[in-house]
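*Asks:* when you get a sec, could you give me coordinates for this:
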Amino acid sequence: MTELESTRRALRDAIAQAEHAAELARLLDAAQARLAEAERSTQEARSLAERLGEANEQLDDERAEAERLRKELAEQRYQAEVAQWKLSSMKVARWSRIGDAIKSGKSNPVRLAKGLKGAAKPVKRPVAPKRKPVSSAKVERPGAAFQATTSTRTVEGSRFTLKPFRVPTGPNTRPHLTAAVIADPHVEALLRYEWRQTTGFTPRDFARVLPQEVPHLLVVESVLSGPWAEELVGPPGEGLRALLAWCAERGIRTVFWHTQGSVADYSAAAELFEHRFTTDPAVGWPRLPFGIQPRVHNPLPLGGTRFDRVLTLDQLVPPQLAYPDVLTSYRWPAAVDCPPGTPQWRLAEIAACGTSIGPAEDSRRAHVALRRAYASGTMTHRVDELLEAIGLPSARATLNTSVILPVPDSTLFEHALAQVARQSGVAQLILFGGSADRASEALPGVEVIHRPLDPSLTIGAMLNHGLDLCEADLVAVMDPRDVYGTHYLADLTRAFLFTTADIVGKAAYYAHLRNAQATLLKQPEAEYTHVPEITGATLLARRNALRSLGFADLTDGWDDVLMRQCRTDGVKVFSADRFGYVRVRDEDRWMLGAAQLVEYGSAEPHALI
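*Replies:* You can find the predicted model right below:
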């Protein structure tokens, strides 16, 4: 009997092991299927990005062809004017008028005498036409005619081909405001997205160009070259005086911005302006330093991988490189070793492009430097300061946030509340479950809207109810189980400054599985790119776009349904950096098969920087 019982026990164990193996095989097949689907989605996203690049290139070609046809039309019009001038000149020529007099008076001697007498008098000949400069089609979108042209770089005798960074073509921050700007390409790039900007006018044609869209203000940089340089250096030129008089007659505010060169060279011209600013703290004018421009100084990568080298600043930015090409160079190397004395604005621009500054590549230090570059001030903040100083309103959209926080497990309430309390930029909390008084205490200055927990509602239903109560420009969804760093929301919000996506989140992130004490990294290659989906616990979206999508009435998988709807409707989804968030679960077999193991231990030292 003992032997039979042992056999039965062994048989039961074998069956259990077989069932367990079958379950593991099923889970493995499911994980592999989802991984294959994710790979297909990634390939689809890359294909769409390549098609978008091709469409942009085709659009540029079409614009170039339109410009060629415009020039041909202008030349034909000029030739027609020349032919008309020649005909008019022939008609007023003396020999032609004598012939006409003889022809009309051949049967009338009196008429003939009068005609010959009139033909003998001198007549003013018509003025010959002149070629007019061909005016390009008006470009409404900033950056449309400001693209990189140099795609090769040479380092230590070796040539490398780069895919140029495509300068975005809008939108601008204050579309209601028009500024006439005289500046070098660098400053133009900083300002062009802050308002409707008119450039390219000269001392000879400003009176014809500017009335086409009368500006609210004139901003003149201390330019070193171009048609306005000689008007600004030394005694003010007549063209500058005429421009400022034209502005004064129309109540247009005038601003001089000293950014380069000796202030003494420009002081006489600067005195003619209503307002003066400088980037130099040693000059006694109000200070207006450079700020980064998020539309061009951002971590959006070039096509392909980074150049696996540390470059010197001279190798990164060789002389005579046009500024759109500088923006390409910023994103190219693994790191840049900048010498002491490098201008602070240059360091900030490199850091804002996500490139490590130092003797080696370091993604963590690069992310902290990027965050610091943005915190030091963007051009949007600088223009706010300028407009306030000269008395013009700086109305623009904000990026404040409403957070929706469902807490179905009361034991997680204090943890969840602490994650929201450490964020900046939160204007409103929509809380399901927990305590309204405790939330108000933990979040001073934040509007708290509390709804008691209804067990009959799914998480998706709660999110839908919460969405109806949101009033801020952006809406965030947070999961009470997870960990969010101090800079989590600020880092995500920053992406809306340089991408036109309606939904931002994380497809690249760290995860921690408690049972295994394992820290994992999901999809590190998905940083700073448009993706098919992000994880729902990191959702940050434009409120109006999210309202048009809505949430599925589900507790598990509501984010999967939302991402499918985004793909169906063509809503852009953008994955930001990997830092500032940890997905925490007891176990997740799918995650084990879809992410790379970092180490056994806490994820927070890796994720929270």
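*Asks:* now the closest residue to A148 other than its chain neighbours: how far from Y374?
*Replies:* Of all residues not flanking A148 in the chain, P164 sits nearest, at 3.5 Å (Cβ to Cβ, 6 or more residues apart in numbering). All C-beta spots, glycine's among them, are computed from the backbone N, C-alpha and C. Distance, P164 to Y374, by Cβ to Cβ, to the nearest Å: 24 Å.
*Asks:* check D325 too.
*Replies:* 23 Å.
*Asks:* which of the three states applies to A242?
*Replies:* helix (DSSP: H, G, I helix; E, B strand; the rest coil).
*Asks:* can you pull the contacts of it?
*Replies:* 203, 206-207 (Cβ atoms under 8 Å, 6 or more residues apart in numbering).
*Asks:* between those residues, which has the most around it?
*Replies:* F206 (21 neighbours; other Cβ atoms under 10 Å).
*Asks:* wouldn't it be in contact with A245 here?
*Replies:* No. Contact criterion Cβ atoms under 8 Å: F206 and A245 do not qualify, at 11.1 Å.
*Asks:* show me where the stretch 301-450 of the chain has its helices.
*Replies:* 313-316, 323-330, 344-352, 363-375, 379-390, 413-421, 436-442 (DSSP state H, counting those that start in this stretch).
*Asks:* got these as TSV, with mean neighbour count, mean pLDDT and distance to R481 columns?
*Replies:* Output for the helices of the stretch 301-450 of the chain, formatted as TSV (neighbours: other Cβ atoms under 10 Å; pLDDT from 0 to 100; distance: least, Cβ to Cβ, whole Å):
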stretch	mean neighbour count	mean pLDDT	distance to R481
helix 313-316	16	96	43
helix 323-330	22	96	38
helix 344-352	22	98	33
helix 363-375	18	97	24
helix 379-390	18	97	36
helix 413-421	18	98	8
helix 436-442	15	97	18
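*Asks:* tell me which of those helices sits nearest to D559.
*Replies:* Closest approach to D559 among these (Cβ to Cβ): helix 413-421, 17.5 Å.
*Asks:* what helices and strands are in contact with the helix or strand containing E231?
*Replies:* In this structure, E231 is located in helix 229-232 according to DSSP states H and E. For helix 229-232, the packing partners by 3 or more Cβ pairs under 8 Å, 6 or more residues apart in numbering; DSSP states H and E come out as helix 238-249, helix 263-270.
*Asks:* hmm, try it at 10 Å
*Replies:* strand 178-182, strand 217-221, helix 238-249, helix 263-270 (3 or more Cβ pairs under 10 Å, 6 or more residues apart in numbering; DSSP states H and E).
*Asks:* got JSON lines for the ones you listed, with mean pLDDT too?
*Replies:* JSON lines is the format used below for those (pLDDT from 0 to 100):
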{"stretch": "strand 178-182", "mean pLDDT": "98"}
{"stretch": "strand 217-221", "mean pLDDT": "98"}
{"stretch": "helix 238-249", "mean pLDDT": "98"}
{"stretch": "helix 263-270", "mean pLDDT": "97"}
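*Asks:* nearest to L497, out of those?
*Replies:* strand 178-182 (19.8 Å).
*Asks:* return the residues in contact with the closest residue to Q423 other than its chain neighbours.
*Replies:* Distances taken as Cβ to Cβ, 6+ apart place L489 nearest to Q423, at 4.1 Å, with adjacent residues excluded. If you count contacts by Cβ atoms under 10 Å, 6 or more residues apart in numbering, L489 has them with 401, 403, 419-420, 422-426, 474, 476, 478, 540, 580-581.
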